[in-house]
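[1] Just need the structure, nothing else, for what follows:
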Amino acid sequence: MRQLAATGSVQGTEIGSGTWAGTECIGVTDTGQAALAAHDGSQLFLTFAVTSGPPDANGLIYPTGTFTIAGGTGRFEGSTGGGNPNSVANVFTGAASDTLDGTIRLSAR
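    Here you go, the predicted model:
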């Protein structure tokens with residue numbers, strides 16, 4: 001099994017503009033974790049599991065699966081939730097795009 005580390009930018013309703021960093025174990029089912037960081041330094045922690053079929057002629061795969069919100073820091077401390085990623089990745093270039101469609105329940109602090 002191979003491990004992949006990646007980073008990128010994030011834009012979302014609750015998180016606003018920020019960055020993300022994560023690791024993924026590549027296998028039959030890819031599993032991993034990610035931290036999304038908001039501009040104020042608050043972080044949202046995710047775990048995920050996705051599977052995908054073979055790439056198409058252009059090298060594109062469309063992973064499907066689930067993600068779970070596993071807490072956070074700052075304004076995301078105690079957060080829960082989850083949903084489904086809508087993803088596309090190019091196996092030739094390594095470029096990927098993910099949209100997370102789900103629910104976040106912020107802790108009443």
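
[2] Report the separation between the spatially most central residue of the chain and Ala57.
    Closest residue to the average C-alpha location of the chain: Ala34 at 5.7 Å, with C-alpha atoms, centre = their mean. From Ala34 across to Ala57, the span is 29 Å (C-beta to C-beta, to the nearest Å). Quick note: C-beta positions are derived from backbone N, CA and C, even for glycine.

[3] show me where this structure has strands.
    2-12, 16-26, 30-38, 43-51, 60-61, 64-72, 80-90, 96-105 (DSSP state E).

[4] Each with direction, which strands does the fifth one pair with?
    Which is strand 60-61. Strand 60-61 has the following sheet partners, assigned by DSSP bridges: strand 80-90 (antiparallel).

[5] buried ones in the partner strand?
    Gly81, Gly82, Pro85, Ser87, Ala89 (16 or more other C-beta atoms under 10 Å).

[6] now it, how far from the centre of its chain.
    Strand 80-90 has its C-alpha centroid displaced from the chain centroid by 6 Å (C-alpha atoms, centre = their mean, to the nearest Å).

[7] Let me know the average pLDDT across it.
    Mean pLDDT, strand 80-90: 91.

[8] what's the angle between it and strand 64-72?
    Interaxial angle, strand 80-90 versus strand 64-72 (axes from the mean of the first three to the mean of the last three C-alpha atoms, to 10 degrees): 130 degrees.

[9] Residues touching strand 80-90, excluding its own?
    With contacts defined as C-beta atoms under 8 Å, 6 or more residues apart in numbering, strand 80-90 is touched by 48, 50, 52, 58-69, 71, 95-105.

[10] For ChimeraX, write a command that selects the buried ones of those residues.
    The buried subset of those, as determined by 16+ other C-beta under 10 Å, is captured in ChimeraX by this line:
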select :48,50,52,61,63,67,69,96,98,100,104
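
[11] May I have the residues that are in contact with the closest residue to the residue nearest to the centre of the chain other than its chain neighbours?
    Using C-beta to C-beta, 6 or more residues apart in numbering and skipping residues adjacent in sequence, the residue nearest Ala34 is Gly22, 3.2 Å away. Residues in contact with Gly22 (C-beta under 8 Å, 6+ apart) are Ala5, Ala6, Thr7, Gly32, Gln33, Ala34, Ala35, Leu46.
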